[in-house]
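Visitor: Dropping a prediction and its sequence here:
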Amino acid sequence: MHPDLLDRAMELLYSYARDVAATHRALQAEGLYDLTVRRLRQQLTAEVDQLVRRASGMDEHAARKLGTYVSYQVPHRDFEWQIDLVDLCVEVETDHDNTEHAWATVVVDKRTGLTRGWCVTVGQPTAASVAHALVMAIQPRSEMLTHADGSVTEVEVAGAPVVLRSDNGQQLLSDIVVGLMCEAGTVMDPAPLYAHTTQGAIERWNREAKRFSRPLF
């Protein structure tokens with residue numbers, strides 16, 4: 001991206017509260033950009049990540065704590081889910097007086113922030129535990145639907161998302177996970193390397209989980 005175009009894109013991005021879709025529409029209205037919103041998101045994500053690390057003097061893992069995320073709109077709930085592996089910072093005793101950390105594999109709906117599925121393991125999650133969390137998220141479930149008149153109805157919902165967003169972890173992109181989501185008709189959309197800013201929903205879940213788990217254990 002040309003530096004002048006990048007400067008204008010970043011100016012619009014922050015004026016629209018880091019909403020990439022709104023930035024894309026504005027750039028197209030000005031006749032400055034003719035690529036897809038997904039491509040713009042990738043370009044702006046890379047720039048935001050560099051700015052965060054440069055301003056903080058931190059590496060990628062430390063910069064995650066600053067909480068800077070690129071926002072983008074999804075049309076409805078269950079359009080995009082985000083999945084991640086979370087170290088709960090809890091030590092569990094295993095055989096032979098050894099200890100291992102407890103981990104959670106978590107599936108979060110981008111639109112609502114609701115947790116759709118999860119799987120807790122002792123030790124690093126595997127492809128099987130990731131698949132377990134996704135199957136839990138996809139299977140039929142009961143939810144309470146609130147109508148405009150205030151009445152509440154219990155409804156059955158089920159199904160996979162249009163898009164599943166993750167990082168590039170080996171367990172998350174394993175053959176078993178890719179095959180499961182392909183069969184469900186879901187598009188796998190791995191985030192660019194070191195681009196935590198595109199996964200705000202799951203990053204917020206990670207932060208809150210660690211905040212509450214430390215005092216308990």
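Guide: Happy to help now that I have it.
Visitor: Output the longest strand belonging to the protein.
Guide: Scanning the chain for the strand with the most residues, using DSSP state E, yields strand 80-93.
Visitor: Tell me which strands that one pairs with, and in which orientation.
Guide: strand 99-109 (antiparallel), strand 163-166 (parallel) (DSSP bridges).
Visitor: Could you give the average pLDDT over the longest one?
Guide: This predicted structure assigns strand 99-109 an average pLDDT of 89.
Visitor: So what touches the helix or strand following that strand?
Guide: As assigned by DSSP states H and E, the chain's next helix or strand after strand 99-109 is strand 115-122. Contact partners of strand 115-122, identified using Cβ atoms under 8 Å, 6 or more residues apart in numbering, comprise 81, 88, 92, 94, 100-109, 125, 129-130, 132-138, 205. Every C-beta, even on glycine, is put in place using the N, C-alpha and C of the backbone.
Visitor: now do 6 Å
Guide: When contacts are defined by Cβ atoms under 6 Å, 6 or more residues apart in numbering, strand 115-122 is touched by residues 92, 100, 102-109, 129, 132-133, 136-137.
Visitor: Of those, select the buried ones using a PyMOL command.
Guide: This is how PyMOL selects the buried members of the contacts of strand 115-122, with burial counted by 16 or more other Cβ atoms under 10 Å:
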select buried, resi 102+103+104+105+106+107+108+109+129+132+133+136+137
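Visitor: Excluding covalently adjacent residues, which one is nearest to K110?
Guide: E80 (4.0 Å; Cβ to Cβ, 6 or more residues apart in numbering).
Visitor: what's the neighbour count on the one you found?
Guide: Applying other Cβ atoms under 10 Å, we find 22 residues neighbouring E80.
Visitor: and it, what does it touch?
Guide: V74, K110, P161, V163, R165 are the contacts of E80 under Cβ under 6 Å, 6+ apart.
Visitor: For T198, give me the pLDDT.
Guide: 50.
Visitor: list the buried ones in the strand or helix carrying A22?
Guide: Using DSSP H and E, A22 maps to helix 20-29. In terms of neighbour count (16+ other Cβ under 10 Å), helix 20-29 has its buried residues at V20, A22, T23, H24, A26, L27.
Visitor: re earlier: extract the C-alpha trace of the longest strand of the chain and format it as CSV.
Guide: Extracted as CSV, the C-alpha positions of strand 80-93 are listed here (Å, rounded to 0.1, in the frame of the first residue of the first chain):
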residue,chain,number,x,y,z
GLU,A,80,-18.0,-15.7,12.6
TRP,A,81,-16.6,-17.7,15.5
GLN,A,82,-13.2,-17.2,17.0
ILE,A,83,-11.3,-20.1,18.6
ASP,A,84,-8.1,-20.1,20.7
LEU,A,85,-6.1,-22.1,23.3
VAL,A,86,-5.9,-20.4,26.7
ASP,A,87,-3.4,-21.3,29.4
LEU,A,88,-5.5,-20.9,32.6
CYS,A,89,-2.4,-20.5,34.8
VAL,A,90,-3.6,-23.3,37.1
GLU,A,91,-1.2,-26.1,38.0
VAL,A,92,-2.8,-29.6,38.3
GLU,A,93,-1.1,-32.5,40.0
